[in-house]
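Trainee: Predicted structure and sequence below. I'll ask about it afterward.
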Number of protein chains: 2
Amino acid sequence: MNTHDLVRELREANSSKIVLLVADGLGGLPLTPGGKTELETARSPNLDACAAAGTSGLSIPVLPGITPGSGPGHLGLFGYDPLEFRIGRGILEALGINFPVGPDDVCVRGNFCTLGSDGNITDRRAGRPSTERCVEIVEKLRTIRVTGAEVFVEPVKEHRFVLVFRGEGLGDAVNDTDPQITGVPPHLAKGADAASQKTATLVNEFIVKANQVLKADAPTNGATLRGFAKKPSILSMQELYGLRSAAIAVYPMYKGLARLVGMDILDAGDTLAGQVAMLKKVWNDYDFFFLHYKYTDSTGEDGNFPAKVQMIEKLDAVIPDIRALKPDVFIVTGDHSTPSKMRSHSWHPVPTVIVADTCRTDGLTEFHESACLRGGLGQFEAKHLMLLAMAHAGRFGKYGA
Amino acid sequence: MNTHDLVRELREANSSKIVLLVADGLGGLPLTPGGKTELETARSPNLDACAAAGTSGLSIPVLPGITPGSGPGHLGLFGYDPLEFRIGRGILEALGINFPVGPDDVCVRGNFCTLGSDGNITDRRAGRPSTERCVEIVEKLRTIRVTGAEVFVEPVKEHRFVLVFRGEGLGDAVNDTDPQITGVPPHLAKGADAASQKTATLVNEFIVKANQVLKADAPTNGATLRGFAKKPSILSMQELYGLRSAAIAVYPMYKGLARLVGMDILDAGDTLAGQVAMLKKVWNDYDFFFLHYKYTDSTGEDGNFPAKVQMIEKLDAVIPDIRALKPDVFIVTGDHSTPSKMRSHSWHPVPTVIVADTCRTDGLTEFHESACLRGGLGQFEAKHLMLLAMAHAGRFGKYGA
């Protein structure tokens, strides 16, 4: 039996509140063997108090050894098997900027680049233009029409934009035109099937016209495209769990992910304090709250171990404000690990703690990688976390007689 | 490869004996965070000795967060994926009273109820009639005939009975007629497909006639029905494992479950001592013995922590008598947790120990939830337990060259 069918069969409504706090890239590594990870180094008494009150463990984002991007990392945490639901970058970017994506739209992420006179890429990020400049260039691209379909161009930030093709029978099995290196021209788009070839033809037409329109606009005189994707068919959190769900996130991609699964996106500025204030404000309006904290990941990606430690401590400081709201289920986890040592996402299991009245004590008094290894949740697949959240919230009936 | 195909390919016969002792609802919770569970509180030196001699761990009955009924809980322990094999209440009740269920029979559990003059239910259990009274009422219902099918009525206990419809092309996708509340009439039966509608028509005809037959018999003047189900297609333990299997259980539902997978049902009275005496008596006649102990669950459901502790200690006392028979593999586990704190089944993993000569020592000297967390079996899905039992019994050959 399919797990989502099981969830829909067993779920029961009540007035419980679930808070899922995702510290992006939370898990880490020691810089030297036998040393401490970022989380082991951080002074985090409030996370430790969660471990003492709840049950801890380690979440495996996808499968052992598989490093997820933010998309699969979060989908798993929301209870959608990341190997079953594949979400392209284009759709995430489009949803992240709140573009009203239609069921047949093909979305793709665009980067402005600099093209030399020979048509080869000389700078993959076009000298990182300002966002204002991005908006100006996008305005120019909006004059472009393509044959037999609509095209939408939307600015994101700096060199990034989103392109959406809307028309009948467009496929999304189209290669990236971004060659990921300089010194060569962008790739031509090709479709892997007839419907996707239709899209590729539109894409190539658009790019030829864009190169014309932008030819005097160096360094932002070209564009590459990555992650062609249509909106997948996916149940909303409301449909799946019966949870009125809200996302309190700062960055567009996480808003996009939350929007994909039907959460309401609440704008809370760009500080943790603002996010917690929003949580308090809407406490009575929702059953499920997704709080996203970015800086444990970005400092990890920067390879800045002490900065990541500091960001963990900053997160730790707001935990009491969240727990003061007395959520029935409070979860702290990450979508994946981002060890400063690796300067990238990794596959390492992610420290996770659930605090609820129905927790079985596991004797832990600290929250970090090596403590979680002895925790009551053991090592589990991220996609099962929401099952536990629903169970601890008293929102599941019994399976079978 | 399907696990059952693998089992049938690898299994080898020998003279080993496997004893599976299921303490229903064994796992628990501390009443207050940081406190002790029932099993941690109990003085259970003989279970502790099993932990010292064997390998322990925690069994996940279905999936993390999923609370099973007795059916899925036991099927998992017997090695049948509870998400693949769904067993309706009706079939369990019918098998539990040893009704010879045919392959096309539709079985359903019935409850006598009290109907007011307006047809609304005033007591869902008809004032809990005696079992003698149940038998009398059932005799009256046996006079009823329905159009185009046979119907069988069998007494169970008190207000409970079983109804079986036998005819061609009857489906079991029929709603419960029990509205689960008083003050309203029983629901009409409806079928979700043509075959099930055929069953529903028979059901409604039966109920109209039953209301006539019983109209002077208040408080047992009505009936509600729950859990329409046909017998699923399922391999017997003999077919799957090549094990001559016996069940020594007290309660009908567990006998029914054991009968479903083809075990012989041995009647041993209703005491643990009687069960162990039966085990000794038939020791040479079987390869696999399922012993079911109910009272760890019923005291948990009563919310009676000290009583559950006492029932664990009572169970502990018979362990030496079982081990004295020198089973090659001795397993103690539960079908799910039933924490007194929750007064219900729960999803929490279940303490499990395997004792066999081929056990790898894990250093444990106690048998309870927090010890098992450090046990050599780790946390595992219940459906894999029988694979371990077969392996420790030397009943599996090597997979592949």
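Mentor: Ah, there it is.

Trainee: counting contacts, what elements does the lengthiest strand in chain A pack onto?
Mentor: If you go by DSSP state E, chain A has its longest strand at strand A:106-115. Secondary-structure packing of strand A:106-115 (3 or more Cβ pairs under 8 Å, 6 or more residues apart in numbering or on different chains; DSSP states H and E): helix A:89-96, strand A:121-123, strand A:160-166, helix A:194-213, strand A:222-229. No exception for glycine: its C-beta is placed from N, CA and C like everyone else's.

Trainee: most packed of the ones you listed?
Mentor: The highest mean neighbour count among the helices and strands packed on strand A:106-115, using mean count of other Cβ atoms under 10 Å in any protein chain shown, belongs to helix A:89-96: a mean of 26.

Trainee: which residues sit in contact with the residue of the stretch 251-400 of chain A found nearest chain B?
Mentor: Per Cβ to the nearest Cβ, A:Leu387 is where the stretch 251-400 of chain A lies closest to chain B, at 3.2 Å. Under the criterion of Cβ atoms under 8 Å, 6 or more residues apart in numbering or on different chains, the neighbours of A:Leu387 are A:Thr3, A:Val7, A:Gly79, A:Phe396, B:Leu63, B:Pro64, B:Gly65, B:Ile66, B:Trp347.

Trainee: May I ask which two of those residues are separated the most?
Mentor: Between any two of the contacts of A:Leu387, the greatest separation by Cβ to Cβ is 14.9 Å, found for A:Gly79 and B:Trp347.

Trainee: Would you mind listing what in chain A touches chain B?
Mentor: Listed as neighbours of chain B in chain A under the rule Cβ under 8 Å from any Cβ of the partner chain: A:1, A:3, A:6, A:10, A:52-53, A:358-363, A:374, A:376-378, A:380, A:384-392, A:396-401.

Trainee: pretty sure A:Met390 is touching A:His384, no?
Mentor: No: counting by Cβ atoms under 8 Å, A:Met390 does not reach A:His384; the two are 10.6 Å apart.

Trainee: List buried members of the residues of chain A next to chain B by neighbour count.
Mentor: A:3, A:6, A:10, A:52-53, A:358-362, A:376-378, A:380, A:384-392, A:396, A:398-401 (16 or more other Cβ atoms under 10 Å in any protein chain shown).

Trainee: Show only the entries of those residues found in helices.
Mentor: Cross-referencing those against helices under DSSP state H gives A:3, A:6, A:10, A:52-53, A:385-392.

Trainee: which among those residues gets closest to A:Arg142?
Mentor: Among these, and counting by Cβ to Cβ, the member closest to A:Arg142 is A:Met386, at 40.2 Å.

Trainee: which non-adjacent residue is nearest the closest one?
Mentor: A:Gly79 (3.4 Å; Cβ to Cβ, 6 or more residues apart in numbering or on different chains).

Trainee: Wait, the one you found touches A:Arg8, no?
Mentor: No: using Cβ under 8 Å, A:Gly79 makes no contact with A:Arg8, being 11.6 Å away.

Trainee: what is in contact with these two at once?
Mentor: A:Leu240.

Trainee: Between the two, tell me which one has more neighbours.
Mentor: Neighbours were counted for A:Gly79 and for A:Arg8 using other Cβ atoms under 10 Å in any protein chain shown; A:Gly79 has more, 24 against 14.

Trainee: A:Leu29 and A:Thr338 touch, don't they?
Mentor: No: with contact defined as Cβ under 8 Å, A:Leu29 does not count as touching A:Thr338 (9.7 Å).

Trainee: Between these two, which contacts overlap?
Mentor: Both A:Leu29 and A:Thr338 are contacted by A:Ser346, under the criterion Cβ under 8 Å, 6+ apart.

Trainee: on that earlier part again, what's the angle from the longest strand of chain A to strand A:160-166?
Mentor: 140 degrees (axes from the mean of the first three to the mean of the last three Cα atoms, to 10 degrees).

Trainee: Run the angle between strand A:106-115 and helix A:89-96 for me.
Mentor: Here strand A:106-115 runs at an angle of 100 degrees relative to helix A:89-96 (the same axes, to 10 degrees).

Trainee: what pLDDT, on average, does strand A:106-115 get?
Mentor: Across strand A:106-115, pLDDT averages out at 97.

Trainee: what lines up beside it in the sheet?
Mentor: strand A:121-123 (antiparallel), strand A:160-166 (antiparallel), strand A:222-229 (antiparallel) (DSSP bridges).

Trainee: Appreciated, that's everything.
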